[in-house]
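In: After the sequence you'll find the predicted model.
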Amino acid sequence: MLVGILSFIFGASEANGQVTKHVSKAAFQSNLSRQMAMSPLTVAQLREHGVTTESELKLEYFFHTNSSMKAQALASALRTMNYSAKLGPSAGGESVLATVTGWTKPILMEAENVVNWTIEMTRLGYEHDCEFDGWGTNPSQ
């Protein structure tokens, strides 16, 4: 009974009587590696569109999780960073029920800075049992 109540409150699902997380430690580590590899490539593509190391752009970010309560907690944490945050239903599969999207305040578009921000977002997502699904931007801001 207690597991069922905790599952309802925290949005976790039951598997053989045990509460499961949405993002395992292995999934977090794999995602962190992938995001760290992709961010410099995205910054390099932005260079082709006139974005320099002195440019400051707002970044749009994306997170997914299996609980609206987890999404709400993450959105609250993002808002304390002065980021916008919007919650919505997921268009993904059954294991993903909620999304959090929004925009950062302007960030200096130097590759190391963006990678460090990406690491921070991936870790913040993991702390809230949400998966950081990457970022995008408009170079014409």
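Out: Cool, the structure landed.

In: What is the burial count for the closest residue to Val23 other than its chain neighbours?
Out: The spatially closest residue to Val23, leaving aside those adjacent along the chain, is Glu131, at 5.2 Å (C-beta to C-beta, 6 or more residues apart in numbering). Backbone N, C-alpha and C define where each C-beta goes, glycine included. When neighbours are defined as other C-beta atoms under 10 Å, Glu131 has 20 of them.

In: measure Glu131 to Glu60 for me?
Out: 16 Å (C-beta to C-beta, to the nearest Å).

In: in the sheet, who's paired with the residue nearest to Val23?
Out: In this entry, Glu131 is beta-bridged to His64, by DSSP bridges.

In: Distance of it relative to Glu54?
Out: Counting by C-beta to C-beta - Glu131 and Glu54 are separated by 32 Å.

In: Strands along the chain, start to end?
Out: Taking DSSP state E to define them, one finds strands in the chain at 13-15, 18-20, 56-57, 60-65, 86-89, 98-103, 107-108, 131-136.

In: Mind giving me the packing neighbours of the fifth one?
Out: This means strand 86-89. Here strand 86-89 is seen to pack against helix 68-79, strand 98-103 when contacts are counted using 3 or more C-beta pairs under 8 Å, 6 or more residues apart in numbering; DSSP states H and E.
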